[in-house]
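# return atomic coordinates for the entry below.
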Amino acid sequence: MTDYRARSMWLDGFPGELEPRPSLTGPADADVVIVGAGFTGLWTAYYLKKADPHLRVVVLEREIAGFGASGRNGGWCHTTFPGSRELAEKTHGRQAVIDQQRALHQTVYEIQRVVQEEDIDARFHLGGQLDLALTPVQLLRLRKAVEYERSWGFGEEDYRALGAADMRERIKVAGCLGAGYTPHGAAVDPARLARGLADVVEKLGVSIHERTPVTGLEPHVASTPYGDVRADVVVRATEAFTPELPGFERTLVPIYSLMIGTEPLSDSFWDQIGWTGREVFGDFRFLIFYAMRTDDGRIAIGGRGAPYHFGSRLSERFERDHAVRDHLRTLLGELFPAVGDVEVTHHWGGAIAAPRDWYTSVGLDQATGMAWAGAYVGDGVSTTNLAGRTLRDLIMRQQTELTGLPWVNHRSRQWEPEPLRWIGVNAALAAMGSADDVELKTGRPSKRATYVKRMIGG
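The predicted structure follows:
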């Protein structure tokens, strides 16, 4: 039996049972079958049943609800949307791009509404997001970020710069020169959200079959070892596990993002550094990190740096990397010297999913009944909710403000075959890390990240 609690600090701290729900027992029929019981699949099921309680909705999950990224991520419910606004503007126009970002802003508050209305103990805290400037080069990048948001019509109420003194009032991070701040962000316990949402949709009448791997997808059919589920609409909500499905091997690449979590820190530590607003934060480096303060007084911090594995392979062995762990522990001490020799109690990871053009998408082919959402590139905690509401409207054939957004029915091109994929992805990861090193050594902006963006199509 899989030790689900060992897969993340969030799953380890979940107060309820993690025993799998019953597997599918034989062939079945449904109006909508959803493959994957992560945030995308669960939000889609939730909004479909809320819109039409009579719909027969079936969710198939290889492990348990919240097993993948939904139960392992950084706990950020924020509004970063992967992909180029400029490219979307060329095809859909400027206002559509603005509308899409506004919809994502609103999504944070929609999740807050559902969590409160459905009494989900997700430890949801609306504190906003901070993008720190820890070097002069990053401070320049902060100023450009504010200018960029203004150029798209987003004002102080959406994103603004904070000076070093303002930052010290919020969080005392060593060497912080300033930060960008948006109120549209929250900290959340992702496993509690996923597991709580699964309970809610089950009570709404959704059938969730766990320990039920899907071995193939085709129009109106999801195949499993226990029988086929036939439905008018088949929703692929498999994110980083997508390449394991026949026919989808080059659709996305899984990139590992790893985390550590500390023991609960003392009251004297929190009195010293503040962080009473529980903002989530990172900085303007290229090989990103992300940090949050948990409800029980821990610090959870994660980042990229683990390699991409040949053939888009996934393995529990890849979820822990001592070099990345040590890097994150060192980084934690650099940000907060007062942590001293605090114990790291958890080290875990999971894979995010990246499309070839780095552009998240959601869609439905009405002719085949094949629907999908994903390729969140690590920004899915809020975007999955927007995807669920959009899929609801598409499946119910309703033309709404959501169904006209630029990401709807966007098609990313396939990734290159191996070994080109392995060479390219790992070269991009190395280039991003070296760009950060160059900036630290020279104090000047690096052009390497620009080259990487061109290489991946962003």
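# residue ranges with poor pLDDT in the chain?
Residues of the chain that meet the criterion pLDDT under 70 lie in 1, 448-458.
# partners of the closest residue to Leu162 other than its chain neighbours in the sheet?
In this structure, Leu162 finds its nearest non-sequential neighbour in Ala179, 4.8 Å apart by C-beta to C-beta, 6 or more residues apart in numbering. Glycine gets a C-beta too; all of them are placed from N, C-alpha and C. Note on Ala179: beta-bridge partners by DSSP bridges are Leu132, Leu162.
# gap between Ala179 and Gln129?
10 Å (C-beta to C-beta, to the nearest Å).
# I'd say Tyr308 and Ser257 touch.
No: under the criterion of C-beta atoms under 8 Å, Tyr308 is not in contact with Ser257, lying 11.5 Å apart.
# now do the strands in the stretch 351-458 of the chain.
Secondary structure of the stretch 351-458 of the chain by DSSP state E, counting those that start in this stretch: the strands cover 361-365, 370-374.
# quick one: distance of the last one to the chain centre.
On the basis of C-alpha atoms, centre = their mean, to the nearest Å, strand 370-374 is displaced by 16 Å from the centre of the chain it belongs to.
# given that strand, what are its sheet partners and their directions?
As assigned by DSSP bridges, strand 370-374 forms pairs with strand 227-236 (parallel), strand 361-365 (antiparallel).
# thinking again about what came up before, so which of Ala179 and Gln129 has more stuff around it?
Ala179 (29 against 26; other C-beta atoms under 10 Å).
# contacting residues around that one?
130-133, 142, 161-162, 166-167, 281 (C-beta atoms under 8 Å, 6 or more residues apart in numbering).
# ok, of those, which one's closest to Arg444?
Ala133 (15.2 Å; C-beta to C-beta).
# the closest one reaches Val146, doesn't it?
No: counting by C-beta under 8 Å, Ala133 sits too far from Val146 to count as a contact (11.0 Å).
# helices of the stretch 1-150 of the chain, start to end?
9-12, 39-51, 85-92, 94-117, 136-151 (DSSP state H, counting those that start in this stretch).
# what is the third one packed up against?
I take that to be helix 85-92. Packing partners of helix 85-92 (3 or more C-beta pairs under 8 Å, 6 or more residues apart in numbering; DSSP states H and E): helix 94-117.
# now do the buried residues in the helix it packs on.
96-97, 99-105, 107-108, 110-112, 114-115 (16 or more other C-beta atoms under 10 Å).
# now do the phi/psi pair for Ser84.
phi -90, psi 120 (degrees, to the nearest 10).
# now swap in Trp348 and tell me
According to degrees, to the nearest 10, Trp348 has phi -150, psi 180.
# does it touch Leu258 like I think?
Yes: Trp348 is within contact range of Leu258, at 7.2 Å (criterion: C-beta under 8 Å).
# anything in contact with each of the two?
Joint contacts of Trp348 and Leu258 (C-beta under 8 Å, 6+ apart) are 319-320.
# hang on, Glu169 in a strand?
No: using DSSP: H, G, I helix; E, B strand; the rest coil, the assignment for Glu169 is helix, not a strand.
# which non-adjacent residue is nearest it?
Of all residues not flanking Glu169 in the chain, Gly274 sits nearest, at 7.3 Å (C-beta to C-beta, 6+ apart).
# now swap in Trp10 and tell me
Nearest non-adjacent residue to Trp10 (C-beta to C-beta, 6+ apart): Ala191, at 3.5 Å.
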